[in-house]
Every structure is written in structure tokens, then in C-alpha cells.
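> okay, structure incoming, though there's no sequence with it:
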């Protein structure tokens with residue numbers, strides 16, 4: 001009386017109820033795509049990501065993305081991922097050849113996703129894109145001594161509750177077996193949001209001197225992947241890279257999940 005038996009299994013009543021209830025709920029309330037809200041039709045194909053997520057975070061993920069949104073994520077060709085960091089080079093730049101590695105153009109579905117991460121607090125989307133970017137870097141055989149995310153100011157972190165650049169950078173570090181230096185860079189002041197500043201010179205002034213390397217870290221002679229979510233003018237990444245170089249870093253590669261950049265870099269990292 002305490003179990004329900006089939007040809008292949010014998011389940012207790014609580015387990016039977018749980019399984020039946022789960023099946024009923026899935027029919028009534030199907031998985032919804034985290035990007036567009038449509039019914040997700042990729043659960044079987046998404047199992048590999050679930051395994052990867054567990055390896056990185058030690059827990060399961062409840063992220064669901066539909067086939068249409070997945071197919072809309074078209075990565076740039078390998079040669080097109082290499083750019084100059086600054087969209088408008090500046091006179092007297094001590095590192096004019098600073099490289100940017102960018103996986104996706106900031107348009108279409110990606111342009112819809114980024115605000116969801118930042119302002120909708122969709123941390124699992126940031127982690128998913130970090131895994132995509134980490135896979136791209138792995139396939140392109142790009143390595144380094146440290147992975148460093150662009151930090152938020154204390155005020156912005158308290159407002160948002162997480163650092164999207166850090167969430168993207170962490171799986172990059174884990175997938176490529178590179179130490180993750182979350183607190184290597186520090187913001188010295190709370191800058192204005194770069195997205196609200198249209199002029200590239202004003203963007204550069206807004207972040208000028210806004211970063212320093214923490215006293216807890218020695219980056220002398222190290223090769224560093226500097227990670228942000230989006231590269232527009234490149235001013236934030238450039239200023240953070242300068243702080244790392246001034247602290248003794250040997251080489252810095254700026255990395256962004258997406259951007260609206262088209263200036264090619266003649267000498268890749």
C-alpha cells in the first residue's frame with residue numbers, strides 16, 4: 001500500500017505525487033524564455049549548459065531560453081572580434097595599440113538583453129553570457145595570468161546588488177583555468193553612467209583616474225584579461241587598463257561580451 005510500482009520502478013506515494021504534480025505544473029505553467037518570455041522549447045538541448053553551470057557554481061540553474069532567441073545570438077567571426085579598445089584614439093595615449101576582444105555586436109537581441117541584466121537583475125543571464133564568452137576565448141586559445149572584472153562603485157553596487165562584469169568574468173576564469181581577481185581593481189569615485197554620456201571626450205573625462213589597483217594585489221609582470229559587459233567608446237576599459245599598466249602589468253587584453261565597435265586592431269593580443 002505504500003508504493004506505486006511500474007515495470008521499471010517502484011515509487012513511494014510521496015514520490016509519485018511529487019512526480020505527477022511536477023508534470024501537471026509543467027503543462028500548466030511551462031518554462032518561459034528569460035529573454036523574450038515565450039515558451040522555452042530548448043530544455044533538452046540546454047542540458048549541457050546545466051551540467052557546465054553545475055561544474056562552475058555547484059548548483060543547478062533555472063535559466064530557460066527559447067530556440068528563437070538562441071539562434072539570434074550570432075557571434076562575430078574570429079577575425080572580427082579583434083578591435084582597438086578606443087573608438088576614437090586620443091593624442092598622447094601611452095598604449096595606443098590596446099586591444100579589445102568582443103564576441104557580439106550590440107544590436108538586436110543583445111541590445112535587449114543587457115538592460116535586463118543591469119536593471120532587471122537577471123544575474124543568470126550574465127552568467128550564461130560569461131559562459132559563451134569563456135567558450136569563445138577557450139576556442140581562440142587566449143590565456144592569461146588573471147581575469148579582472150571592471151568594478152562598480154560602492155554606491156552603484158549597493159543599488160544594483162551585483163556587478164554584471166564580475167558575473168560575466170567569473171565563468172571565463174573557471175572555464176579557462178585562470179585565477180579570478182574580483183577585487184584587484186577599485187573604483188576611486190562614483191562616476192556618471194557612461195550610457196548617458198554621448199560625447200566620447202566627455203566619456204573619457206568621466207572615468208579619468210577612476211581606477212586603481214588594490215594594495216592586496218601585485219600585478220607586476222602579469223598578463224591580464226580585463227572584462228566588462230559592453231564596450232562603447234572603450235573609455236572605461238582603457239582607463240582601467242592604464243591603472244593595471246601603471247601598477248606593473250606586462251600586458252592587458254580588454255574583453256567585452258558585446259559592443260557597437262568597428263575599428264579593427266592591426267596587431268591582435
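Noted; the coordinates are in hand. Remember, predicted model here, so these are calculated numbers, not experimental data.

> phi, psi for the residue positioned nearest the centre of the chain please.
Among the residues of the chain, the one closest to the centroid is residue 168, at 2.5 Å (Cα atoms, centre = their mean). In terms of degrees, to the nearest 10, the main-chain angles of residue 168 are phi -80, psi -40.

> can I assume residue 49 sits in a helix?
Yes - under DSSP: H, G, I helix; E, B strand; the rest coil, residue 49 falls within a helix.

> so what's it up against?
61, 63, 128, 131 (Cβ atoms under 8 Å, 6 or more residues apart in numbering). (Glycine included, C-beta is placed from N, CA and C.)

> ok, now residue 186?
151, 211, 212, 213, 214.

> give me phi/psi at residue 118?
Here residue 118 shows phi and psi, under degrees, to the nearest 10, equal to phi -70, psi -50.

> could you double-check that it lies in contact with residue 163?
No - contact between residue 118 and residue 163 fails when scored by Cβ atoms under 8 Å: they sit 10.2 Å apart.

> more neighbours: which of these two?
Neighbour count, other Cβ atoms under 10 Å: between residue 118 and residue 163, residue 163 has more, with 20 against 17.

> residues contacting the more buried one?
So residue 163 contacts 149, 151, 152, 157 (Cβ under 8 Å, 6+ apart).

> measure it to residue 220 for me?
Note on residue 163: its distance to residue 220, by Cβ to Cβ, to the nearest Å, is 25 Å.

> okay, now the unreliable bits of the stretch 1-150 of the chain?
1-29 (pLDDT under 70).

> mind giving me the packing neighbours of the helix or strand hosting residue 71?
Using DSSP states H and E, residue 71 sits in helix 67-72. In terms of contacts (3 or more Cβ pairs under 8 Å, 6 or more residues apart in numbering; DSSP states H and E), helix 67-72 is not packed against any helix or strand.

> so what's the residue nearest to residue 95 when sequence neighbours are not counted up against?
Leaving aside its sequence neighbours, residue 95 sits nearest to residue 245 (Cβ to Cβ, 6 or more residues apart in numbering; 6.4 Å). For residue 245, the contact set (Cβ under 8 Å, 6+ apart) comprises 94, 95, 252.

> what count of nearby residues applies to the last one?
Meaning residue 252. Neighbours of residue 252 using other Cβ under 10 Å come to 28.

> just give the number of residues close to the residue lying closest to residue 222 once chain neighbours are set aside.
Nearest in space to residue 222, with sequence neighbours left out and distances taken as Cβ to Cβ, 6+ apart, is residue 145 at 4.1 Å. For residue 145, the neighbour count with other Cβ under 10 Å is 16.

> quick one on the thing from earlier: out of the contacts of residue 49, which is most surrounded?
Going by other Cβ under 10 Å, residue 128 tops the contacts of residue 49 with 26 neighbours.

> one step back: now the contacts of residue 163: which count as buried?
149, 151, 152 (16 or more other Cβ atoms under 10 Å).

> same list, these, but as JSON lines with distance to residue 240 and secondary structure please.
Shown next, in JSON lines, are those (distance: Cβ to Cβ, whole Å; DSSP: H, G, I helix; E, B strand; the rest coil):
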{"residue": "149", "distance to residue 240": "9", "secondary structure": "strand"}
{"residue": "151", "distance to residue 240": "8", "secondary structure": "coil"}
{"residue": "152", "distance to residue 240": "12", "secondary structure": "coil"}
